[in-house]
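S.K.: All I have is the shape, not the residue letters:
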């Protein structure tokens, strides 16, 4: 079993839809959870960074972490064509700098 | 201003050659990394340096040798290139001392193709 599992999609939604992206993980030592957005031929760009369980909101983006279920989510409200990208979840153990990534979910938002 | 910059952006070369990729960050970060993204888009850490000291060395062939001349630069030299080395190599950096779990910021990658 991979440490981090993420459905690669692709996921296609109409403009204005609410998008839900998810990852599951097996390593209970993960404490820091991140979502990155990667446009084609670009590097990953940090979207959200959370510690332990709970919710964090930033504009149209909400990150949720449920450590008891080893499950994290990213919600995008009022999705825009400019949100079309690959979304990568990533996780860290406390005291470690080894960021472990999911495989990424490719999202297309259609105008 | 590019925060984490890599050169070259594209590198096409023959099998068996030796090549280097350079990375510079102007964020004042203490820790720098090299990641490899394979054809299936899976990102995996290769090395990490903190203040010029090697901290993480994953199971990477010893044909790959990172070098950090100062904390703003981390270069990657690859000897005897093989077909399987074709990938996108990303440099990243993060603030604070090693183990402070700060978010990592990535460059735009170097696309390496081996003929």
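M.R.: On my side now, so go ahead. Computed from a predicted model, the values in this text were never measured in an experiment. Numbering: from 1, shown residues only, chains lettered A, B, ... in the order given.
S.K.: Contacts only, for residue B:3.
M.R.: For residue B:3, the contacting residues are B:25-27, B:93, B:105, taking CB atoms under 8 Å, 6 or more residues apart in numbering or on different chains as the criterion. For glycine as for every other residue, the C-beta is placed from the backbone atoms N, C-alpha and C.
S.K.: Out of the residues you listed, the closest to chain A would be?
M.R.: Compare each of those with chain A using CB to the nearest CB and the shortest gap goes to residue B:105, at 6.5 Å.
S.K.: tell me the pLDDT at the closest one?
M.R.: You'll see residue B:105 listed with a pLDDT of 94.
S.K.: repeat for residue A:1
M.R.: So, for residue A:1, pLDDT stands at 66.
S.K.: Same question for residue B:65.
M.R.: Confidence per residue is given as pLDDT, and for residue B:65 that number is 94.
S.K.: One more: the one 5 residues further on?
M.R.: The per-residue pLDDT reported for residue B:70 equals 92.
S.K.: Name the member of the contacts of residue B:3 with the most neighbours.
M.R.: In terms of neighbour count, residue B:93 stands highest of the contacts of residue B:3 at 27 neighbours, by other CB atoms under 10 Å in any protein chain shown.
S.K.: In three-state terms, label that residue for me.
M.R.: When the structure is reduced to helix, strand and coil (DSSP: H, G, I helix; E, B strand; the rest coil), residue B:93 reads as strand.
S.K.: Kindly confirm whether my reading is correct that it touches residue B:34.
M.R.: No: Residue B:93 is beyond contact range of residue B:34, at 10.9 Å (criterion: CB atoms under 8 Å).
S.K.: Not counting sequence-adjacent ones, nearest residue to residue 5?
M.R.: Since no chain was named, I'll use chain A. Excluding the flanking residues, the one nearest residue A:5 by CB to CB, 6 or more residues apart in numbering or on different chains is residue A:24, at 4.9 Å.
S.K.: To clarify, I was referring to chain B.
M.R.: Taking CB to CB, 6+ apart, and ignoring the residues beside it in sequence, residue B:5 has residue B:24 as its nearest neighbour in space, at 5.4 Å.
S.K.: what number of residues lie near the one you found?
M.R.: For residue B:24, the count of nearby residues is 19 (other CB under 10 Å).
S.K.: now do residue B:94
M.R.: When counting by other CB under 10 Å, one arrives at 22 neighbours for residue B:94.
S.K.: wouldn't it be in contact with residue B:71 here?
M.R.: No: when contacts are counted by CB under 8 Å, residue B:94 is not listed as touching residue B:71 (11.8 Å).
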